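Undergrad: got a predicted structure here, sequence first:
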Amino acid sequence: MEKRGFTLIEVMIVMIILSVAILAIAGMQIESITGNAFSQNLTQASILAQNRMEFLKSLDFATDPIFQANGSYNDVNNGIFQGKYQVTLTGGYATIAYTVTWAEKGVGRSVTFSMIRSH
């Protein structure tokens, strides 16, 4: 009578292959979580910058003091995000750049929105 089954060595080889596959999947999961955290911060920074740009767009170009001289102004300090805007006047136009910065795992990140306003 012939016995059928797996030897101990065959089982151990399969376990090693399975372990390597599971470790690879775990590494991909960690990268996915890191990517999602970065995406969330980038989205929040973009929303903050867009909202502040809309506010700056609503200001009166002729009378508001920020449109009277070139300058860089700190604006928002919201949790991990810091926002500032730069106004550059050229003739009858103002170029406004709004930058939101934050640190993520010791690396500085930023997103910048800009627009040109005229009288």
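TA: That came through fine.

Undergrad: where's residue 100 relative to residue 94, distance?
TA: Applying Cβ to Cβ, to the nearest Å, the value for residue 100 to residue 94 is 20 Å. Any C-beta I mention is one placed from the backbone N, CA and C, and that applies to glycine too.

Undergrad: again, but for residue 67
TA: Residue 67 is 5 Å from residue 94, where distance means Cβ to Cβ.

Undergrad: what residues are up against the residue nearest the centre of the chain?
TA: The centroid of the chain falls nearest to residue 42 when counting by Cα atoms, centre = their mean (2.2 Å). Shown in contact with residue 42 (Cβ atoms under 8 Å, 6 or more residues apart in numbering): 109, 111.

Undergrad: let's see it at 7 Å
TA: If you count contacts by Cβ atoms under 7 Å, 6 or more residues apart in numbering, residue 42 has them with residue 111.

Undergrad: quick check: it is in a helix.
TA: Yes - under DSSP: H, G, I helix; E, B strand; the rest coil, residue 42 sits within a helix.

Undergrad: use 23 as the first number from now on
TA: All right, first residue 23 from here; so that's residue 64.

Undergrad: quick one: it and residue 133, what's the gap?
TA: To residue 133, residue 64 is 7 Å away according to Cβ to Cβ.

Undergrad: same question for residue 48.
TA: Separation of residue 48 from residue 133 (Cβ to Cβ): 31 Å.

Undergrad: neighbour count: those two, which is higher?
TA: Between residue 48 and residue 133, residue 133 has the larger neighbour count (other Cβ atoms under 10 Å), namely 21 against 10.

Undergrad: ok, the helix-or-strand element of the chain with minimal mean pLDDT: who's next to it in the sheet?
TA: Ranked by mean pLDDT, DSSP states H and E, the weakest helix or strand in the chain is strand 93-100, scoring a mean of 88. Paired neighbours of strand 93-100 in the sheet (DSSP bridges): strand 103-112 (antiparallel).
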